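**Q** Okay, sequence plus prediction incoming.
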Amino acid sequence: MDMDITGASAAEIADSVRGLRERGTLRPGDALPPVRELATTLGVNRNTAVAAYRQLAQAGLVVSRGRAGTVIAGVEPVAQEGVADTVLRDVASGNPDPTLIPDPTPALGRIAGRPVLYGEPVIDAGLEQWTREWMLSDLPRDDLHVVVTSGAVDAVERLLAQALTRDDAVALEDPCFLSSIHTVRLGGYRAVPVAVDEEGMTVDGLRAALNAGVRAVISTPRAQNPTGVSLSPARAAALREVLADHPYVLIIEDDHFSLLSQHPYASLIAPSHRRYALIRSVSKFLGPDMCLALAGTDPTTAQRLAMRLSPGTTWVSHLLQRLAHAQLTDETVREQISRAASHYSARNRAFSEALAARGIATASTDGLSLWVRLDVTARDAAERLMRRGWLARPGDEFLLEETARPSHHLRLTVHDLTEAESARLIDDLTTAAVRG
């Protein structure tokens with residue numbers, strides 16, 4: 001098989017393997033030659049073969065099995081947010097409570113206006129002004145430009161594409177938001193994990209990532225998914241100090257929980273940092289189906305992001321933008337959002353306290369879900385809960401390192417449980433957490 005693989009550079013070797021896979025010569029599960037053997041056969045440096053396999057892995061074409069080697073990947077489902085259909089009681093989805101999402105009907109009658117035609121400004125003037133004031137209140141930058149995208153994931157994907165090339169390194173929190181993992185993997189970038197503790201992204205982790213040459217950092221300042229921790233002001237200051245020597249590294253802050261958060265916004269973005277983007281989507285409080293995110297960026301990033309929007313989604317529907325603006329400036333809607341924030345906080349806190357009374361710890365401080373630590377492995381606990389009628393999400397799905405030890409955390413979305421359901425889940429978790 002190794003004689004069928006050709007090439008003198010990493011790109012040529014990767015293309016050769018890709019071609020063999022497409023023609024069916026290599027099939028899912030087939031093992032590739034060990035790196036040293038392939039390098040010797042092709043007469044290339046070992047690092048060249050390593051780089052070729054890394055490119056293939058980042059494209060999702062091969063999978064590393066550790067000592068078992070590298071094999072051709074099959075078409076396997078990847079973890080996604082939400083659950084389409086299940087007979088189990090779902091505590092895995094990470095969804096907001098639909099009863100707490102404001103009804104858009106009253107606002108719909110106020111957004112009618114003349115049609116928007118090709119060539120007009122891509123962002124609604126009213127929404128742009130409101131967003132600028134909102135962003136500047138937390139991130140006072142003279143150079144801040146407002147950009148609108150089709151959701152936070154769309155923003156992250158386009159931001160990375162305008163700044164990076166294939167195989168560039170990106171610092172990601174570990175454990176990490178599922179969509180960020182998929183975006184980096186599918187973009188062909190190299191994920192560099194940065195550990196998260198109770199104050200957010202760790203200083204040593206970020207320093208190591210910068211030393212490894214990352215060109216972008218993706219951070220969640222509040223309600224980090226899946227852990228629920230928020231960046232403390234002291235930690236943010238320490239991280240800004242580390243970033244001071246890297247002003248052109250793109251900082252992307254995904255402040256997805258913004259209006260619902262119980263914590264003040266603390267930022268990695270220093271006043272002198274040159275490349276940045278603060279993203280705030282409306283999905284958690286106006287509903288996932290709104291598919292709209294707002295970003296405050298430096299002028300160069302804004303210009304490049306606009307260029308990335310041009311060949312794809314040229315603009316986000318102005319009807320959608322007007323609807324978001326109408327709701328966000330409506331006092332009744334803002335009161336509903338405030339009540340929703342209090343509800344999520346109270347429900348999660350009550351559940352955490354009940355778990356603590358049973359000897360089970362949670363590290364979460366904010367967000368739609370809880371990060372629950374168990375003595376048994378997460379997959380064992382999730383399987384035991386499934387037998388009792390619950391669908392839970394094991395922490396392994398959020399880990400960046402394939403060789404990482406099995407997770408002992410479950411991410412549980414419990415804010416919409418009834419009192420009886422909460423009591424039953426706590427009993428079942430206590431039972432599932434028993435070793436043996």
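**A** Good, I have the coordinates.

**Q** which element is Val50 on?
**A** Using DSSP states H and E, Val50 sits within helix 46-58.

**Q** Show me where the stretch 301-436 of the chain has its helices.
**A** Listed in chain order, the helices of the stretch 301-436 of the chain (DSSP state H, counting those that start in this stretch) span 318-328, 331-357, 378-387, 419-432.

**Q** cool, and the stretch 1-150 of the chain?
**A** Remark: helices assigned in the stretch 1-150 of the chain by DSSP H, counting those that start in this stretch are 10-22, 35-42, 46-58, 105-108, 125-138.

**Q** Can you give the distance of the longest one from its chain's centre?
**A** Averaging C-alpha positions (CA atoms, centre = their mean, to the nearest Å) puts helix 125-138 24 Å from its chain's average.

**Q** Give the closest residue to Asp416 in space, chain neighbours not counted.
**A** Nearest non-adjacent residue to Asp416, counting by CB to CB, 6 or more residues apart in numbering: Asp97, 4.8 Å away. The C-beta positions use only the backbone N, C-alpha and C, and glycine is treated the same way.

**Q** List the residues that contact the one you found.
**A** Shown in contact with Asp97 (CB atoms under 8 Å, 6 or more residues apart in numbering): 340, 343-344, 415-416.

**Q** out of these, who's nearest Arg435?
**A** Using CB to CB, His415 is the member of the contacts of Asp97 that lies nearest Arg435, at 29.1 Å.

**Q** about what we covered before: among the helices of the stretch 1-150 of the chain, which is nearest Thr431?
**A** Nearest to Thr431 among the helices of the stretch 1-150 of the chain is helix 46-58; the distance by CB to CB comes to 38.9 Å.

**Q** The closest one: which residues count as buried?
**A** Across helix 46-58, burial judged by 16 or more other CB atoms under 10 Å covers 48-49, 51-58.

**Q** Can I get the residues you listed in a markdown table including distance to Ile101?
**A** Putting the buried residues of helix 46-58 into a markdown table (distance: CB to CB, whole Å) gives the following:
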| residue | distance to Ile101 |
| --- | --- |
| Thr48 | 52 |
| Ala49 | 51 |
| Ala51 | 46 |
| Ala52 | 47 |
| Tyr53 | 45 |
| Arg54 | 42 |
| Gln55 | 42 |
| Leu56 | 42 |
| Ala57 | 39 |
| Gln58 | 36 |
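
**Q** Let's have the residues you listed in CSV, adding pLDDT and distance to Glu421.
**A** Formatted as CSV, the buried residues of helix 46-58 follow (pLDDT from 0 to 100; distance: CB to CB, whole Å):
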residue, pLDDT, distance to Glu421
Thr48, 93, 56
Ala49, 91, 53
Ala51, 89, 51
Ala52, 90, 51
Tyr53, 89, 47
Arg54, 82, 45
Gln55, 82, 47
Leu56, 86, 45
Ala57, 79, 41
Gln58, 68, 41
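
**Q** of those residues, closest to Thr6?
**A** The shortest approach to Thr6 among the buried residues of helix 46-58 belongs to Ala52, at 11.1 Å (CB to CB).

**Q** if we can go back for a sec, in JSON lines, list the helices of the stretch 301-436 of the chain along with mean pLDDT, distance to Thr40 and mean neighbour count.
**A** Below are the helices of the stretch 301-436 of the chain laid out as JSON lines (pLDDT from 0 to 100; distance: least, CB to CB, whole Å; neighbours: other CB atoms under 10 Å):
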{"stretch": "helix 318-328", "mean pLDDT": "95", "distance to Thr40": "57", "mean neighbour count": "21"}
{"stretch": "helix 331-357", "mean pLDDT": "96", "distance to Thr40": "55", "mean neighbour count": "16"}
{"stretch": "helix 378-387", "mean pLDDT": "95", "distance to Thr40": "39", "mean neighbour count": "18"}
{"stretch": "helix 419-432", "mean pLDDT": "96", "distance to Thr40": "50", "mean neighbour count": "16"}
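
**Q** Adding distance to Asp396, write those helices out as JSON lines.
**A** Formatted as JSON lines, these follow (distance: least, CB to CB, whole Å):
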{"stretch": "helix 318-328", "distance to Asp396": "35"}
{"stretch": "helix 331-357", "distance to Asp396": "20"}
{"stretch": "helix 378-387", "distance to Asp396": "6"}
{"stretch": "helix 419-432", "distance to Asp396": "16"}
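
**Q** What part of this structure, helix or strand, is modelled with the least confidence?
**A** strand 62-64 (a mean of 78; mean pLDDT, DSSP states H and E).

**Q** which residues are in contact with it?
**A** With contact meaning CB under 8 Å, 6+ apart, strand 62-64 is reached by 17, 32, 53, 56-57, 70-73, 402.

**Q** strands paired with that strand, and their directions?
**A** Strand 62-64 has its sheet partners listed here by DSSP bridges as strand 70-72 (antiparallel).

**Q** Right, I'll call it a day here.
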